[in-house]
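Enquirer: Predicted structure and sequence below. I'll ask about it afterward.
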Amino acid sequence: KRLKVFLEDDLEGLFPMEGGEGGSDGEWTRVIAHPQRKGSDSDGNADDDLVHEVRRMRDVVLADNKIGTDNDNDNNHNRTVKNIVLAVGPEGGWEEPYELDMFRRFNFQQITLGPRILRTDVAVVSLLSLAHDSLAAAMGDDS
């Protein structure tokens, strides 16, 4: 219940899909991580409706944000930055299909780290590393 309230009331203010007030906050790419697996109904039968396209962090479409002005002489003040917010659930993943559908309604792109269930701390570190690599590649930075 608290997740729904957060998504409906607070998400857009904290992580806007389109520039925040005055355009200063930029646009955020919203990503939800969930284990890759087939769903099942209450009888344990496979439910193909719960299986979605398998996407990895490298497949995420990133929002572009320009900072600075064209009049700036310093290249560091006139560049494109990218922002990502990662939604990582409890061990075992998000509640299917309710929570996953709720995130999709708020434009989260679902990705997976594979079929294995990871501890939350391991998943977070892995996702941060992959997000950093994706951002660096998108910005043409090899560091």
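Expert: Right, received. Where do you want to start?
Enquirer: What ranges in the protein fall below the confidence cut-off?
Expert: Within the chain, the segments meeting pLDDT under 70 span 19-25, 38-52, 65-81, 142-143.
Enquirer: swap the cut-off to 90 and go again
Expert: Along the chain, the model assigns pLDDT under 90 to residues 1, 17-27, 35-83, 90-93, 95-96, 114-117, 133-143.
Enquirer: At which residues are the helices of it located?
Expert: 2-9, 11-14, 98-105, 120-138 (DSSP state H).
Enquirer: for the protein, which residue is closest to the average position?
Expert: Among the residues of the chain, the one closest to the centroid is Val31, at 1.2 Å (C-alpha atoms, centre = their mean).
Enquirer: Save the helices of the chain as TSV, and put in distance to Gly92 and mean neighbour count too.
Expert: Any C-beta I mention is one placed from the backbone N, CA and C, and that applies to glycine too. Converted to TSV, the helices of the chain look like this (distance: least, C-beta to C-beta, whole Å; neighbours: other C-beta atoms under 10 Å):
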stretch	distance to Gly92	mean neighbour count
helix 2-9	15	11
helix 11-14	23	14
helix 98-105	12	15
helix 120-138	10	15
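Enquirer: Save the ones you listed as a markdown table, and put in distance to Pro35 too.
Expert: Compiled in a markdown table, those are given as follows (distance: least, C-beta to C-beta, whole Å):
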| stretch | distance to Pro35 |
| --- | --- |
| helix 2-9 | 18 |
| helix 11-14 | 23 |
| helix 98-105 | 11 |
| helix 120-138 | 9 |
